[in-house]
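Colleague: no FASTA, just this:
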């Protein structure tokens, strides 16, 4: 009888464990589905923001062109008014002025108008109508203190922004946002403690762009590595540095008065 009771208890325990495992697996699958939905929504939002940004740039250019045309029209109108005033003064002060002289004066005025129009076209070709595209973008930031025992998949934040031209780097979350499309350069430096090692990656949105391995395994002092990437970005693309989700990981990231773990980037064109 005791053996039968024991078998019954073991059977019940096995059933409970199986049910609990199934519940955990179901919850994990639900979490993955929600993460996928969130990522899809984030991608859609970024696309809408890019379209809005492009539309705003077009509107700014049209407004600038309209203002420029209005300015040139006023300039031509002023020249014509000056011509009328000069002709009236000439008729009053010199009524016997020869026709040939009047014709020459008129031709000079027309030539002057042509020169003004030519110079205006040259100005439009040489100078941008509006500085809608942000060309000056650059940042350099480093961790303000050591990062103890970072975890797999952890986003790395470089809190101290020494340079942030364009204000596109967020020192609160470590993310850079591209203000406009173009070719950008990014570089990051990681320092690990003695006997430590870590894999890091650079992401553009949710895609891995580059990776780096920093190792001080078997040595008694810190080690430093730096990686660099070049990428064409679209408007509102985001760039960040994270710890590899699956790579070997041990020790801490150093950043102090002797070492600086840092993140930098700038736009080429």
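Modeller: Okay, I see it. Since the structure is predicted, the reported quantities are computational estimates derived from the model, not experimental observations.
Colleague: gap between residue 157 and residue 194?
Modeller: Using C-beta to C-beta, to the nearest Å, one obtains 24 Å as the distance from residue 157 to residue 194. Where C-beta positions appear, they are placed from N, C-alpha and C, glycine not excepted.
Colleague: Give me the more crowded residue out of those two.
Modeller: More crowded of residue 157 and residue 194, by other C-beta atoms under 10 Å: residue 157, with 18 against 14.
Colleague: The more buried one looks like it's in a strand, true?
Modeller: No: counting by DSSP: H, G, I helix; E, B strand; the rest coil, residue 157 is not found in a strand; it is coil.
Colleague: how about the nearest residue in space to it that is not next to it in sequence, what does it touch?
Modeller: Nearest non-adjacent residue to residue 157, counting by C-beta to C-beta, 6 or more residues apart in numbering: residue 174, 3.8 Å away. Neighbour list for residue 174: 141, 155, 156, 157, 158, 240, 241, 263 [criterion: C-beta atoms under 8 Å, 6 or more residues apart in numbering].
Colleague: The third one reaches residue 142, doesn't it?
Modeller: No: contact between residue 156 and residue 142 fails when scored by C-beta atoms under 8 Å: they sit 10.9 Å apart.
Colleague: Name the residues contacting each of these two.
Modeller: Jointly contacting residue 156 and residue 142 under the rule C-beta under 8 Å, 6+ apart are 261, 263.
Colleague: Of the two, give the one with the bigger neighbour count.
Modeller: More crowded of residue 156 and residue 142, by other C-beta under 10 Å: residue 156, with 21 against 18.
Colleague: Can you give me the separation between that one and residue 188?
Modeller: Residue 156 sits 8 Å away from residue 188, going by C-beta to C-beta.
Colleague: Give me the common contacts of those two.
Modeller: With contacts taken as C-beta under 8 Å, 6+ apart, residue 156 and residue 188 have 200, 241, 263 as neighbours in common.
Colleague: Pick the one among those closest to residue 37.
Modeller: residue 241 (25.4 Å; C-beta to C-beta).
Colleague: residue contacts, the closest one?
Modeller: Residues in contact with residue 241 (C-beta under 8 Å, 6+ apart) are 155, 156, 158, 174, 188, 200, 201, 202, 203, 263.
Colleague: Drop anything exposed from these.
Modeller: By neighbour count, with 16 or more other C-beta atoms under 10 Å, these hold 156, 158, 174, 188, 200, 201, 202, 203, 263 as buried.
Colleague: my read is the last one is in a strand, agree?
Modeller: Yes: if the criterion is three-state DSSP, then residue 263 is within a strand.
Colleague: would you turn the contacts of residue 174 into TSV with distance to residue 75 and pLDDT?
Modeller: Converted to TSV, the contacts of residue 174 look like this (distance: C-beta to C-beta, whole Å; pLDDT from 0 to 100):
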residue	distance to residue 75	pLDDT
141	47	98
155	55	96
156	55	97
157	53	98
158	51	98
240	50	98
241	53	98
263	49	98
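Colleague: What is the nearest of those to residue 217?
Modeller: For the contacts of residue 174, the nearest to residue 217 is residue 156 (20.2 Å; C-beta to C-beta).
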